[in-house]
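Asker: Generate coordinates for the sequence data below:
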Amino acid sequence: MGRKYFGTDGIRGRVGEMPMTVDFIMKLGWAAGKVLSKSGRGQVVIGKDTRISGYMFESALEAGLAAAGLDVLLLGPMPTPAIAYITQSQRASAGVVISASHNPYHDDGIKFFNGNGFKLPDSTEEEIEAMLEQPLQMVAPEKIGKASRMEDAKGRYIEFCKSSIAFKTSLRGMKLVVDCANGATYHIAPAVFRELGAEVIEVGTSPNGLNINKDVGAIYPQNMRAQVLEHQADLGIAFDGDGDRVMMMDSSGDVKNGDQLLYVIAKSKLGSGQLSGGVVGTQMTNLGFEHALQAHNIPFQRAAVGDRYVMEKLSEQGWSLGGESSGHIICLDKTTTGDGIIAALQVLDWLVNQQQTLTEACAELNIYPQTMINVPISGVSDLVASAHVQDAVTTAEAALGDTGRVLLRPSGTEPLVRVMVEGQDSNLVEKLAAELAQSVRQAAEA
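Answerer: Sure, this is the predicted structure:
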């Protein structure tokens, strides 16, 4: 059975359009409750980011879960990894996140964690979709679930993040620009870094329901760069709207992506003897990253794009460290899912204890030029497999030889085909990417 509603990171769409409608989300809450708590009455944790639609969908999920006989614990605005942590610490049946991550405010989404704080496998999502086809049958009145609110969720998660690095590590004397994308980390991340001793300049910490990810955060580093340079900060740290992805910036305003940050963490764990096996990346991980790990004799494997697939590969290999160039970094020795704050703290821990700058820590990693073009599509699922596009791919791969890679893939969250070309020659990379993107457009028009 295929999945109708779930993509690579839960269910996502434009608010008011299927599947992000109030009636569907209430039914989804009921269906998920029936699947995720088969043993009977249990508790489900619900958290959200700061977009305005979160209030509406929180109520709809609460109603659906209560109708299935489950109690609900409401956290309010909290980062996605915080919901995973509190689900596990509360011994809840499941956790639900209301968020569309890095998308604008008019989109929203639903993500689930099981009782152990891990994202659901495809098979469980398929069970939920099958339950959605059944009529909603409410439990008997005496078995309806109750709702309560956790007032100290913020403090619990702040302490959990701080505990992910050594007690002796202090950020005193460091000046950090922290960009929270007007999202779920706005009241968490600045406090974490301040309590560890840093001076913090805040960016994107005034959410109004409509400004999440708007020209701020991990996918828009320009504001952070301006603040880093103006305040002569040591580092900039930027999160996306739900806090599971991070980018960092050195004192000169040079952005370090997920590959570079993951490399620093891998090197840190190798040096301390805490690296369990190797590192998992994705199809998008830069070749330079792979070569840099090879220089340290660190095994490396690629998973499909999406942190859930990185997690599956880590589980398969018995490893604990993986991530994506987009900034999703998973440290399984610290937590159960990608966590932007915890990943940033692992980097800072290395910099402080080695007395290095971020630039120095990344110096051995030579990132190959990479061009990504997102080509909008509509209703055509097999464009990448078309003969026209495959001919263009073959031509591009021949031009690159052994010095680069080509990757075309449909997005799992948006109606796009992502065209990526990577290689040592930046001019050739840009030219080939443009040609491949045009071939996808032509296939879509045909």
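Asker: Now residue 342: closest residue in space that isn't a chain neighbour?
Answerer: Of all residues not flanking residue 342 in the chain, residue 164 sits nearest, at 4.8 Å (C-beta to C-beta, 6 or more residues apart in numbering). To be clear about C-beta, it is placed using only N, CA and C from the backbone, and glycine gets the same treatment.
Asker: how far away is that neighbour from residue 415?
Answerer: 37 Å (C-beta to C-beta, to the nearest Å).
Asker: Counting neighbours around each, name which of those two comes out higher.
Answerer: Between residue 164 and residue 415, counting by other C-beta atoms under 10 Å, residue 164 is the more crowded of the two (18 against 13).
Asker: can you pull the contacts of the residue nearest to residue 342?
Answerer: Residues in contact with residue 164 (C-beta atoms under 8 Å, 6 or more residues apart in numbering) are 331, 334, 335, 342, 345, 346.
Asker: can you put those residues in JSON lines and add distance to residue 182 and pLDDT?
Answerer: Shown next, in JSON lines, are the contacts of residue 164 (distance: C-beta to C-beta, whole Å; pLDDT from 0 to 100):
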{"residue": "331", "distance to residue 182": "26", "pLDDT": "97"}
{"residue": "334", "distance to residue 182": "26", "pLDDT": "97"}
{"residue": "335", "distance to residue 182": "24", "pLDDT": "96"}
{"residue": "342", "distance to residue 182": "21", "pLDDT": "98"}
{"residue": "345", "distance to residue 182": "22", "pLDDT": "98"}
{"residue": "346", "distance to residue 182": "25", "pLDDT": "98"}
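Asker: can you pull the contacts of the nearest residue to residue 62 once chain neighbours are set aside?
Answerer: Spatially, and ignoring its direct neighbours in sequence, residue 62 is nearest to residue 72 (5.0 Å; C-beta to C-beta, 6+ apart). By C-beta under 8 Å, 6+ apart, residue 72 lies in contact with 43, 44, 45, 46, 61, 62, 65, 66, 145, 146, 147, 148.
Asker: same thing but 7 Å
Answerer: Going by C-beta atoms under 7 Å, 6 or more residues apart in numbering, residue 72 touches 44, 46, 62, 65, 66, 145, 147.
Asker: Check residue 66 too.
Answerer: Per C-beta under 7 Å, 6+ apart, neighbours of residue 66: 72, 144, 145, 147.
Asker: just checking, what packs against the helix or strand bottoming out on mean pLDDT in the chain?
Answerer: Using mean pLDDT, DSSP states H and E, the weakest-scoring helix or strand in the chain turns out to be strand 404-410, at a mean of 89. Judged by 3 or more C-beta pairs under 7 Å, 6 or more residues apart in numbering; DSSP states H and E, the packing partners of strand 404-410 are helix 387-400, strand 416-423.
Asker: Can I get the ones you listed in CSV including mean neighbour count and mean pLDDT?
Answerer: Output for the helices and strands packed on strand 404-410, formatted as CSV (neighbours: other C-beta atoms under 10 Å; pLDDT from 0 to 100):
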stretch, mean neighbour count, mean pLDDT
helix 387-400, 15, 93
strand 416-423, 24, 92
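Asker: Nearest to residue 289, out of these?
Answerer: Among these, strand 416-423 comes nearest to residue 289, with 10.8 Å by C-beta to C-beta.
Asker: Sheet partners, orientation included, of that closest one?
Answerer: Each strand paired with strand 416-423, and its direction, by DSSP bridges: strand 370-376 (antiparallel), strand 404-410 (antiparallel).
Asker: So which of the contacts of residue 66 is the closest to residue 158?
Answerer: Proximity of the contacts of residue 66 to residue 158 (C-beta to C-beta) peaks at residue 72, which lies at 23.1 Å.
Asker: is that closest one in a bridge, and if so with what?
Answerer: With DSSP bridges as the criterion, residue 72 is bridged to residue 44, residue 147.
Asker: can you check residue 109 too?
Answerer: In beta-bridge terms (that is, DSSP bridges), residue 109 pairs with residue 12.
Asker: Number of residues surrounding it?
Answerer: Residue 109: 25 neighbours (other C-beta under 10 Å).
Asker: List the buried residues of stretch 196-214.
Answerer: Within stretch 196-214, the residues that qualify as buried are 196, 198-205, 207, 211-213, counting by 16 or more other C-beta atoms under 10 Å.
Asker: And stretch 38-58, by the same measure?
Answerer: By 16+ other C-beta under 10 Å, the buried positions in stretch 38-58 come out as 42-51, 53-54, 56-58.
Asker: Next step: those restricted to helices.
Answerer: Residues of the buried residues of stretch 38-58 located in helices (DSSP state H): 53, 54, 56, 57, 58.
Asker: Let's have those in TSV, adding distance to residue 13 and pLDDT.
Answerer: Shown next, in TSV, are these (distance: C-beta to C-beta, whole Å; pLDDT from 0 to 100):
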residue	distance to residue 13	pLDDT
53	11	98
54	14	98
56	14	98
57	12	98
58	17	98
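Asker: possible to save those as TSV with distance to residue 271?
Answerer: Shown next, in TSV, are those (distance: C-beta to C-beta, whole Å):
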residue	distance to residue 271
53	45
54	41
56	48
57	44
58	44
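Asker: Show me the domain layout of the protein.
Answerer: Taking automatic domain parsing as the domain assignment, the ranges for the chain are 11-151, 157-255, 256-339+350-361, 370-445.
Asker: quick one: which of those domains is nearest residue 4?
Answerer: Among those, domain 11-151 comes nearest to residue 4, with 5.6 Å by C-beta to C-beta.
Asker: for whichever helix in the chain runs longest, which positions count as buried?
Answerer: As assigned by DSSP H, the longest helix anywhere in the chain is helix 426-445. For helix 426-445, a neighbour-count test (16+ other C-beta under 10 Å) marks 428, 429, 432, 433, 436, 437, 439, 440, 441, 443, 444 as buried.
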